[in-house]
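Participant: How does the following fold in three dimensions:
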Amino acid sequence: MADGKNQSLFKDKPVKVLLAKPGIDGHDRGMFVLARAFRDAGMDVLYAGLLPTPEEVVDTAVNEDVDVIALSLLNGAHMVVFKKVADLMKKRGITDIAVVGGGTIPDSDKPKLEKIGVSGNYGPGTRLSIIIDHVRERAAEARKKKMGSE
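Facilitator: The predicted structure follows:
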């Protein structure tokens, strides 16, 4: 995030990200790696715990005023569960919280997820700096919407 305009959006408060594994997926080691990387990058990190429903994820994101929801699934249910989160946000008119995804997502599904508003969709082995930069960019977009400048 070399853009000076984006930098000023985070001057007063750090990026706030909610990590969530909605759906039946107990593989949370990667979430802890991400949580630490985000924290070390200066972000405020919330973890929704294992198995929150999509409704709980959206409710928590709204109640905690996060900039980004970071979803992860390794069980192949991303097209159903990530879509459910995106649909709930759309239904509730929430446009100022970004949604990013990750996990074991086939390349053929990534454009479909992007189309519904879930970006990133990084897999195991992706450099943490790439994920962090993406989350910061999406957070900057979300904050611009919160501020009414977009």
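
Participant: Buried residues, stretch 116-133. List them.
Facilitator: Neighbour-count burial for stretch 116-133, counted by 16 or more other C-beta atoms under 10 Å, picks out 116-122, 131-132. Where C-beta positions appear, they are placed from N, C-alpha and C, glycine not excepted.

Participant: Which parts of the protein are helices?
Facilitator: If you assign secondary structure with DSSP state H, the helices in the chain sit at 4-9, 29-40, 54-63, 78-91, 110-115, 128-146.

Participant: Relative to V15, which of these is closest?
Facilitator: Ranking the helices of the chain by proximity to V15 (C-beta to C-beta) places helix 128-146 first, at 4.3 Å.

Participant: and the closest one with helix 29-40, angle?
Facilitator: In terms of direction (axes from the mean of the first three to the mean of the last three C-alpha atoms, to 10 degrees), helix 128-146 departs from helix 29-40 by 70 degrees.

Participant: residue contacts, the residue nearest the centre of the chain?
Facilitator: In the chain, the C-alpha closest to the average C-alpha coordinate belongs to A70, at a distance of 2.4 Å (C-alpha atoms, centre = their mean). The neighbourhood of A70, defined by C-beta atoms under 8 Å, 6 or more residues apart in numbering, consists of 17-20, 34, 100-102, 135.

Participant: what's the closest of the residues you listed to T60?
Facilitator: Top of the list for closeness to T60, among the contacts of A70 and by C-beta to C-beta, is L18 at 6.0 Å.

Participant: give me the number of residues near that closest one?
Facilitator: 25 (other C-beta atoms under 10 Å).

Participant: where does the chain have low pLDDT?
Facilitator: For the chain, the stretches flagged by pLDDT under 70 are 1-11, 149-150.

Participant: returning to what we had before: what's opposite the residue nearest to the centre of the chain in the beta bridge?
Facilitator: L19, V100 (DSSP bridges).
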